[in-house]
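Asker: I would like the atomic coordinates for the input below:
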Amino acid sequence: QGHEKPEFDFCPICTLPIQLPMTTHATLNVCCMKSVCDGCVVAAKKRGMFDCPFCRTPLPENAGDMLLMIQARVAKRDPEAIFFLGQHYFYGGQLGLHNDMQKAVELYKEALELGSVEALFNLGHWYAERVGVEVDVTKGIKFLNKAAMQGDA
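Answerer: Below is the predicted model of the structure:
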């Protein structure tokens, strides 16, 4: 149709598109912040590889280990990891983190500065709908339009 799917919609191992919904057809590995399709995960396990199929890092055993891996990626200024951590502050209750809208907004803005289209879309929605920030419909629509131009509808 003339449209291209964003890079994160493809498995980094087999390079095939990941079926929608991606959360049920792929696994996000916090060690490298890559979503690997279930087919590649199964193929790796058949070969006796029980670590991350992309970077071969041992998988976290608990929420504390997972949070440490995410924070290590955040310290390296990985926009996907920063956005992911912001989501956990937004929703709260996971990884031992509590709901903290101010921290979520800060992290989303940092991810936005580093090029995260997902953060751009979510901040646009939050500004337009007054979720955790002051209402600024103009700013919200501006962010949503930018996100749409970059492939996030």
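
Asker: does A148 sit in a helix, a strand or a coil?
Answerer: Here A148 is recorded as helix under DSSP: H, G, I helix; E, B strand; the rest coil.

Asker: doesn't G39 make contact with A26?
Answerer: No - in this structure, A26 is not within contact of G39 by CB atoms under 8 Å, at 9.5 Å. The C-beta positions use only the backbone N, C-alpha and C, and glycine is treated the same way.

Asker: okay, now the unreliable bits of the protein?
Answerer: 1-8, 153 (pLDDT under 70).

Asker: and the helices in it?
Answerer: For the chain, the helices defined by DSSP state H cover 22-25, 38-46, 63-75, 79-91, 101-113, 117-129, 137-149.

Asker: of A26 and G39, who's got more company?
Answerer: A26 (22 against 16; other CB atoms under 10 Å).

Asker: ok, now how distant is that one from K139?
Answerer: 32 Å (CB to CB, to the nearest Å).

Asker: now do Y89
Answerer: 21 Å.

Asker: same deal with Y108?
Answerer: In terms of CB to CB, Y108 sits 13 Å off from K139.

Asker: same thing with I13?
Answerer: For I13, the distance to K139 - CB to CB - is 38 Å.

Asker: one step back: list residues touching both of A26 and G39?
Answerer: Common neighbours of A26 and G39, using CB atoms under 8 Å, 6 or more residues apart in numbering, are C11.

Asker: re the thing from before, and R56, which of the helices of the chain is closest to it?
Answerer: helix 38-46 (9.4 Å; CB to CB).

Asker: does anything pack onto that closest one? Which helices or strands?
Answerer: In terms of contacts (3 or more CB pairs under 8 Å, 6 or more residues apart in numbering; DSSP states H and E), helix 38-46 is packed against strand 26-29.

Asker: strand partners of the strand it packs on, parallel vs antiparallel please.
Answerer: strand 34-37 (antiparallel) (DSSP bridges).

Asker: could you find the closest non-adjacent residue to D38?
Answerer: H25 (5.7 Å; CB to CB, 6 or more residues apart in numbering).

Asker: go on, A63?
Answerer: According to CB to CB, 6+ apart, the nearest residue to A63 is L95 (4.8 Å).

Asker: distance check, M33 against K46.
Answerer: 24 Å.

Asker: same check on M66?
Answerer: Where K46 is concerned, M66 sits at a distance of 25 Å (CB to CB).
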